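Engineer: Requesting a structural model of the entry that follows:
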Amino acid sequence: MSMHNRVLLVILGTFLFTIAESNEIKRLDGYKFPVYSTPFCPRNESEWSKRSSFLNCNKTNGYTCLPNENFTELLEFCYNQPWILIEEGYCLYLQKKGSYVDSYNCRHFLHGCHNTSYQSIRIFEYPACISIGNGCFLAEPSCKSSPKTTTHHPKTENDKDDWFLVGILIGIIEPIVCFLSFVLYSNCKKRLPQI
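Structural biologist: A predicted model of the protein is given here:
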């Protein structure tokens, strides 16, 4: 294998590793069970089921997506219950110390505080409880949004999947192109008179 082809393979491998790594979720330390940082919570039942399956949650340990205790990032995890009852006028968050779900009064929110209780598996229907930024819920009167705001609707899971597929396709096509280029180069070199 020529040096040129080796360099191309190293570049390709680095590129594919970078794409795969950027699509990986980050497991966080300090919790009693696996907890992962996520850029957004699912926005519908289909995405909820997909993330639940991805984390291997089950009927006993149900998938949950909530803010952390500082309201600075969203977390997804399989909790020790199938679902949690979210009472009227409260949002939930995950406490790191003790790894338990706690509640936050949302009655002072400008909008989005729910006036009925619901199961945590329906939290995507109440986005005010998962829209955070600057250490606060965005619906709070004192909260100022910024470019680092995390809400319930940034990039979709499908967008990440699309980029991953692009990386895979490039990983498949590039070696083929390199091989064909090498064959063409070899054939042309044989046909050209030596100078």
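Engineer: my guess is Arg51 contacts Gly62, does it?
Structural biologist: No. Arg51 lies out of contact with Gly62 (Cβ atoms under 8 Å); the separation is 11.4 Å. C-betas here are computed from N, CA, C, even on glycine.
Engineer: now the helices: where do they sit in the chain?
Structural biologist: 3-22, 45-54, 157-191 (DSSP state H).
Engineer: so who does the closest residue to Tyr36 other than its chain neighbours touch?
Structural biologist: Once flanking residues are discounted, Tyr36 sits nearest to Ile25: 4.5 Å by Cβ to Cβ, 6 or more residues apart in numbering. When contacts are counted by Cβ atoms under 8 Å, 6 or more residues apart in numbering, Ile25 touches Tyr36, Ser37, Thr38, Glu76.
Engineer: The third one reaches Leu75, doesn't it?
Structural biologist: Right, Thr38. Yes. Here Thr38 lies in contact with Leu75, judged by Cβ under 8 Å, at a distance of 6.8 Å.
Engineer: where does this structure dip in pLDDT?
Structural biologist: 1-24, 145-171, 173, 177-178, 180-195 (pLDDT under 70).
Engineer: Swap in 90 and give it another go.
Structural biologist: Across the chain, the ranges flagged by pLDDT under 90 are 1-27, 144-195.
Engineer: how about the nearest residue to Ser120, chain neighbours excluded?
Structural biologist: Nearest to Ser120 is Ile84, by Cβ to Cβ, 6+ apart, at 4.1 Å.
Engineer: Surely that neighbour and Leu92 touch.
Structural biologist: Yes. Ile84 is within contact range of Leu92, at 6.6 Å (criterion: Cβ under 8 Å).
Engineer: Which neighbours do those two have in common?
Structural biologist: Common neighbours of Ile84 and Leu92 (criterion: Cβ under 8 Å, 6+ apart): Val101, Ser120.
Engineer: returning to that earlier point: higher neighbour count, Thr38 and Leu75?
Structural biologist: A direct count of neighbours by other Cβ atoms under 10 Å for Thr38 and Leu75 places Leu75 higher, at 20 against 17.
Engineer: can you list the domain ranges for the protein.
Structural biologist: Domains of the chain are assigned by automatic domain parsing as 1-25+155-195, 31-154.
Engineer: picking that back up, which of the contacts of Ile25 are the two that sit furthest away from each other?
Structural biologist: The most widely separated members of these are Ser37 and Glu76, with 8.2 Å between them, by Cβ to Cβ.
Engineer: So between the two, which is more surrounded?
Structural biologist: Glu76 (23 against 14).
Engineer: Isn't Glu140 up against His111?
Structural biologist: No. Here Glu140 does not reach His111: they are 10.4 Å apart, not a contact under Cβ under 8 Å.
Engineer: Compare those two (neighbour count), which wins?
Structural biologist: Glu140 (17 against 7).
Engineer: Now do Phe40 against Ile172, distance only.
Structural biologist: Using Cβ to Cβ, to the nearest Å, Phe40 is found at 30 Å from Ile172.
Engineer: contacting residues around the nearest residue to Tyr118 once chain neighbours are set aside?
Structural biologist: Closest residue to Tyr118 apart from its sequence neighbours, by Cβ to Cβ, 6+ apart: Ile86 at 5.5 Å. Counting by Cβ under 8 Å, 6+ apart, Ile86 makes contact with Leu92, Ser103, His114, Ser117, Tyr118, Gln119, Ser120, Ile123, Tyr126, Cys129.
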